[in-house]
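[1] let's see this in three dimensions:
(one chain, ligands or ions: 2)
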Amino acid sequence: MKTLNEYIGCIHVHTIFSDGSGSYPQIIQAAKEAGLDYLMVSDHMTLRGREEGFSDWYDNLFVSVGYEIQDKDDRHHYLAFGLDKMLPAEYGHEEYIKAVRDAGALGIAAHPLEQRDENLSLPGFPAITWSSLDYPEIEVVEIWNMMSHWLEATTIRNKYWNVIHPRSFSTSPANDLMNWWDETNLTRKVVGIGSVDAHATKVKVLGLFSKAIFDYKIMFKSIRTHILSEQKIKNMNATDTETEIIKAIKSGRCFVSNYRRGDARGFRFNIHTNQKDLQMGETGSATSGNLNVILPRKAVCIVFRNGEPYHDDFTEHLEIEVPEGIYRVEVVHGKRGWIYSNHIKLISE
Ligand SMILES: [Zn+2]
Ligand SMILES: [Zn+2]
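    Ligands and ions are numbered 1, 2, ... in the order given. Down below sits the predicted model:
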């Protein structure tokens, strides 16, 4: 089996160049203290961070600067990484998803199925959704967006609790989004990533004090995306590093973890057939295979086949023979989600 290098990062971060509250030096410091290998920053409708040279290595931390595109109605938020120039601001979402893909850049549909209860939700944070996700140009979606999920779960009734304990509410990705993701992967490949959407917004909580909800460092210890790279990125220059990270994400060689449930480093999911070792994101042709999962420590490991729970076990190492199908793995503690893999497809010709 090929040895892959694992790098851990947080995707979707805002700075003072749009509506975040932290500067680049502050955010970089927070990411280093949280032990991240990479950080993907995406301010709304600006590449200022990239123009000012912040896309670079900072000791062992690599920062990639892209931006978050929106349409004229402030909908269809789409993260774009690897572009040196912004797309025309008048583009509608159908134009920008095509343009990002055609440029070979990384496009990620942000908080795609966000919902709010209109009667209970916090004022000033309307849901920002996609009218449809059924575009073949969308190659990657956020399956777990920390901030978006927090706003969904935070109501005028529980806001004090959720502000004081920001990471305690988000126990797993939204069901409707996971169902959409599994169903779509039956017919085409869509990669799932986790994001923080960190703003460190200062809000008035009790009317007396204001607190940055989701201090950056707290966010960097929540939803992470682990990439598996064939290359060692730490000796590469900035351009090559960014290309390698984008390649790993677009190919689906990545998984999502919630650090609050534990350090997920070391998780591996493969299917071996007599021809090939299939990694996450890959498709192989065979009528059966040997499905292998290694967990960082004992936990409940659930294998999904074609969108349905297929097998589960409380274990550190799972090995089962499986027939053809589209597989992914979830690892949970009680009802709390810890690790979410991308799909491996086993298809008989
Ligand atoms: Zn957004
Ligand atoms: Zn955002």
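[2] next, count neighbours for the residue lying closest to I28 once chain neighbours are set aside.
    The spatially closest residue to I28, leaving aside those adjacent along the chain, is Y58, at 5.2 Å (C-beta to C-beta, 6 or more residues apart in numbering). In short, each C-beta sits where N, CA and C put it, glycine included. Residues near Y58, counting by other C-beta atoms under 10 Å, number 15.
[3] ok, and the closest non-adjacent residue to M280?
    The nearest residue in space to M280 (C-beta to C-beta, 6+ apart) is N342, at 4.1 Å.
[4] burial count for that neighbour?
    N342: 28 surrounding residues under other C-beta under 10 Å.
[5] that one contacts F255, correct?
    Yes - under the contact definition of C-beta atoms under 8 Å, N342 touches F255, with a separation of 6.4 Å.
[6] anything in contact with each of these two?
    Contact criterion C-beta atoms under 8 Å, 6 or more residues apart in numbering; residues shared by N342 and F255: M280.
[7] quick one on the thing from earlier: from D102, how far out is the residue nearest to I28?
    Per C-beta to C-beta, to the nearest Å, Y58 is found 31 Å from D102.
[8] how about the stretch 151-300 of the chain: which residue is closest to ligand 1?
    Each residue of the stretch 151-300 of the chain has a distance to ligand 1, by C-beta to the ion, and the smallest belongs to D197, at 6.5 Å.
[9] and that residue, what's its pLDDT?
    The predicted local distance difference test score for D197 is 83.
[10] quick one: residues contacting the nearest residue to it once chain neighbours are set aside.
    Excluding its sequence neighbours, the residue lying closest to D197 (C-beta to C-beta, 6+ apart) is M147, at 3.6 Å. For M147, the contact set (C-beta under 8 Å, 6+ apart) comprises 111, 196-199, 214, 219.
[11] in TSV, list those along with secondary structure and neighbour count.
    Shown next, in TSV, are the contacts of M147 (DSSP: H, G, I helix; E, B strand; the rest coil; neighbours: other C-beta atoms under 10 Å):
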residue	secondary structure	neighbour count
H111	coil	24
V196	coil	29
D197	coil	27
A198	strand	31
H199	coil	21
F214	coil	23
M219	helix	28
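[12] what's the burial count for the residue in the stretch 1-150 of the chain that ligand 1 sits nearest to?
    For the stretch 1-150 of the chain and ligand 1, the shortest gap (C-beta to the ion) falls at H77, measuring 3.5 Å. Residues lying near H77 (other C-beta under 10 Å) number 26.
[13] go on, D240?
    In terms of burial, D240 registers 12 neighbours under the definition other C-beta under 10 Å.
[14] and it, that's in a helix?
    Yes - secondary structure of D240 (DSSP: H, G, I helix; E, B strand; the rest coil): part of a helix.
[15] roughly how far does it sit from T3?
    Here the distance between D240 and T3 works out to 20 Å (C-beta to C-beta).
[16] which neighbouring elements make contact with the longest strand along the chain?
    Of all the segments of type strand in the chain, defined by DSSP state E, the longest one is strand 288-305. Using 3 or more C-beta pairs under 8 Å, 6 or more residues apart in numbering; DSSP states H and E as the contact criterion, the elements in contact with strand 288-305 are strand 268-272, strand 308-323, strand 325-333.
[17] kindly recompute the last result at 10 Å.
    helix 175-185, strand 268-272, strand 277-278, strand 308-323, strand 325-333, strand 336-341, strand 344-347 (3 or more C-beta pairs under 10 Å, 6 or more residues apart in numbering; DSSP states H and E).
[18] okay, and the most centrally placed residue in the chain sits in which element?
    Closest to where the C-alpha atoms of the chain average out (C-alpha atoms, centre = their mean) is G194, at 1.9 Å. With elements delineated by DSSP states H and E, G194 resides in strand 191-195, which encompasses its position.
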